[in-house]
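In: What would the 3D arrangement of this be:
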Amino acid sequence: MKQVLNPNSRSRRVLFLGAAVLQLVCLGLFTIDILSEMSSPDFHTLVETLSVLGLCLSIAVRFREYLHLINRNRRIERELGAATGAFSQMMQENFAQWGLSPAERDVALMSVKGLSVSEIAALRETANGTVKAQCAAIYRKAGVSNRAELISVMIEDLIAGVPLPGQTHQSSST
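Out: As a prediction, this is how the structure comes out:
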């Protein structure tokens with residue numbers, strides 16, 4: 001199985017920076033070589049000069065793109081955190097509106113996260129029958145008949161303001 005490095009991992013940053021340092025060292029060596037040949041410039045020196053300029057441009061573009069990706073990653077992480085917080089808040093509001101007990105809230109959250117009845121029972125140190133009864137109470141209070149419908153209600157609330165394709169934002173609210 002192929003192992004993928006986390007984009008935020010230290011080893012990934014070290015790998016990138018190591019490659020950048022290697023490019024800079026090569027750039028320095030090429031520059032020294034060109035400067036030593038400047039007393040008698042010929043076609044070979046011109047090709048090397050153009051190669052060094054290309055390498056400089058490549059390093060600058062790569063560094064700029066690296067900074068762009070770091071900033072983009074930070075922005076996406078902030079947005080994901082905000083969306084996760086908004087979804088969590090929306091779920092808690094639904095749980096309160098439905099009048100779920102603290103135990104039912106825990107079970108509902110684990111159910112929405114995809115845990116099975118037996119997994120929920122093991123985590124809560126209760127019997128499977130207790131979790132099944134709590135799920136039935138949750139579904140009844142939410143006005144649904146199963147987990148898929150419960151998740152559907154959550155998703156509907158989350159995307160209520162998103163217009164359908166071909167509609168403007170204002171026309172979706174009428």
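In: For the longest helix anywhere in the chain, the averaged confidence score.
Out: In the chain, taking DSSP state H as the definition, the longest helix is helix 43-98. Averaging pLDDT along helix 43-98 yields 89.
In: what residues go with each domain of the chain?
Out: 10-79, 99-160 (automatic domain parsing).
In: Just give the nearest non-adjacent residue to residue 49, would you?
Out: Excluding its sequence neighbours, the residue lying closest to residue 49 (C-beta to C-beta, 6 or more residues apart in numbering) is residue 34, at 5.5 Å. In short, each C-beta sits where N, CA and C put it, glycine included.
In: quick one: average pLDDT of the helix or strand that neighbour falls within?
Out: Element membership for residue 34 (DSSP states H and E) is helix 10-37. Confidence over helix 10-37 (mean pLDDT, whole number) is 87.
In: Quick one: list the elements packing against it.
Out: Here helix 10-37 touches helix 43-98, going by 3 or more C-beta pairs under 8 Å, 6 or more residues apart in numbering; DSSP states H and E.
In: Can you classify the residue lying farthest from the centre of the chain by secondary structure?
Out: Going by C-alpha atoms, centre = their mean, the residue of the chain most distant from its centre is residue 40, 55.0 Å out. Secondary structure state of residue 40, per DSSP: H, G, I helix; E, B strand; the rest coil, is coil.
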